[in-house]
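Chemist: okay, predicted coordinates and the sequence, questions at the end:
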Amino acid sequence: MIKMIVTDLDRTLLHSDKSISEYTAMILRQCQERGIKVVFATARPKRTVNHFLDSIPADAVILHNGAVIYIGDECYSNYGIESATARNLLLAINRDWPETTLSVEIDDVFYANFDVSTIWNNTQAIHTDFTDLPDKPADKIIVGVSSMSDIQRFSKYLPAHLYIEMNDGKLGLIMNRGAAKQNAVRILADYYSFDMSETVAFGDDYNDLQMLRDCGIGVAMENALDEVKAAADSVCDTNDNDGVSKWLEENVL
C-alpha cells in the first residue's frame, strides 16, 4: 500500500511551460484526502517552489536535491556546505577555469559570476567574484558543465564530504554527501513512520536515479533519460501528458 508519493518537479510533475495542470492538482489532492503524503523533491530553491504550493499544498518539500527539507512551513533538516569550504572551492575553480559559469545558493539567495538569465528565465542573482559571500553555509554550488568528463575534472577539487553530479545535462551540482534525494526520502519516511516499501517516486534525471531505486516503486517519465528508465520499475507517460497523475489514478486511487 502506498503511503507517500515523492515526485520531482521539472520535466516530471510540471509541464514544459512550468505549469501544473488542474487534473494533476485534483489527483494529488485526492491522494491526500486518502491520507497519502505528497512530497515534492527538487533541485530548486524554496523561493521557486512556493507558488506551486498554492495549487498543491505538499506535506513536505525536499529542496536543493535533498540539502534542505521542509515539513509544512518548518525547516526540518539541512545538509549544507560550510561557509569557508564553499568560498575556497568557488575561488579555486574560478581561478583555474575562469570561463566556467559558477553560482551558489546561500540562505535562499542566489550568487553567480555570470548573467543567470542566459540559463534560467526570470531568475535574478547577485553578481560576485565570490570574495564577498556572506558567512553562512551554502545549500549547493552549481557549475556549468558539458559532459561527464567535466564532472570528473571538478570532482578533484572536492573534499571527501562533498560530491558532484550531473543535472539537466549542462549543470554540475556540488553538494554535501548527506544531501541526496533518496536520503531525504528516508528521513521523511522515518518522520511519518512509513517503510520505504510504502513509497512511490517519480523522476526523469540523474539526480532521481537512486531515489527511484530506493523507494518501493520507482517510476520514470517517458521523457526521462534512458539510464533513469532502466533503473525504474515502470515508465509512465510524459510530463506534458500528465504522466504522474495518470499513473496515480490508475495504480493508487
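Modeler: It's in.

Chemist: switch to C-alpha atoms for all contacts and neighbour counts from now on
Modeler: Will do.

Chemist: and the strands in the stretch 101-250 of the chain?
Modeler: 102-106, 109-112, 126-127, 140-144, 162-167, 171-176, 199-203, 217-221, 234-236 (DSSP state E, counting those that start in this stretch).

Chemist: right, so those strands: which one is the most enclosed?
Modeler: Compared across these, strand 199-203 shows the largest average neighbour count, a mean of 28 (mean count of other Cα atoms under 10 Å).

Chemist: sorry, back to before: CSV for the strands of the stretch 101-250 of the chain, including distance to Gln32?
Modeler: Shown next, in CSV, are the strands of the stretch 101-250 of the chain (distance: least, Cα to Cα, whole Å):
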stretch, distance to Gln32
strand 102-106, 31
strand 109-112, 31
strand 126-127, 38
strand 140-144, 31
strand 162-167, 30
strand 171-176, 31
strand 199-203, 14
strand 217-221, 18
strand 234-236, 21
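
Chemist: do you know which of the ones you listed lies nearest Ile81?
Modeler: Relative to Ile81, the nearest member of the strands of the stretch 101-250 of the chain by Cα to Cα is strand 171-176, separated by 5.9 Å.

Chemist: dump the strands of the stretch 101-250 of the chain to a markdown table, plus mean pLDDT.
Modeler: Shown next, in a markdown table, are the strands of the stretch 101-250 of the chain (pLDDT from 0 to 100):
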| stretch | mean pLDDT |
| --- | --- |
| strand 102-106 | 94 |
| strand 109-112 | 94 |
| strand 126-127 | 94 |
| strand 140-144 | 94 |
| strand 162-167 | 87 |
| strand 171-176 | 91 |
| strand 199-203 | 98 |
| strand 217-221 | 98 |
| strand 234-236 | 97 |
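
Chemist: quickly list the domain ranges of this structure.
Modeler: Each domain of the chain is listed here as a residue range: 4-78+179-251, 83-176, per automatic domain parsing.

Chemist: pull up the distance across the longest one, start to finish.
Modeler: End-to-end distance for domain 4-78+179-251, by Cα to Cα, to the nearest Å: 13 Å.

Chemist: just how off-centre is that domain within its chain?
Modeler: 9 Å (Cα atoms, centre = their mean, to the nearest Å).

Chemist: from here on, count from 735
Modeler: Yep, numbering from 735; the last one is domain 738-812+913-985 now.

Chemist: which residues in the stretch 785-934 of the chain form helices?
Modeler: Using DSSP state H, counting those that start in this stretch, the helices of the stretch 785-934 of the chain run over 817-830, 882-889, 915-926.

Chemist: let me know the angle separating the last one from strand 933-937.
Modeler: Meaning helix 915-926. 150 degrees (axes from the mean of the first three to the mean of the last three Cα atoms, to 10 degrees).

Chemist: what's helix 915-926 in contact with?
Modeler: Defining contact as Cα atoms under 8 Å, 6 or more residues apart in numbering, one finds that helix 915-926 is touched by 738, 740, 775-776, 796, 799-801, 803, 929-930, 941-942, 944-945, 948-949.

Chemist: and the pLDDT for the residue lying closest to Ile790 once chain neighbours are set aside?
Modeler: Nearest residue to Ile790 in three dimensions, chain neighbours excluded: Ala759, at 5.8 Å (Cα to Cα, 6 or more residues apart in numbering). Ala759 carries a pLDDT score of 96 in this model.

Chemist: do I have it right that Ala759 meets Pro791?
Modeler: No - checked against Cα atoms under 8 Å, the pair Ala759 and Pro791 is beyond contact range at 9.4 Å.

Chemist: what's the pLDDT at Ser880?
Modeler: Reported pLDDT for Ser880: 83.

Chemist: how many other residues sit next to it?
Modeler: Other residues near Ser880 come to 13 when the count uses other Cα atoms under 10 Å.

Chemist: spatially nearest residue to it, not counting backbone neighbours?
Modeler: Excluding the flanking residues, the one nearest Ser880 by Cα to Cα, 6+ apart is Lys904, at 5.3 Å.

Chemist: alright, that wraps it up for me.
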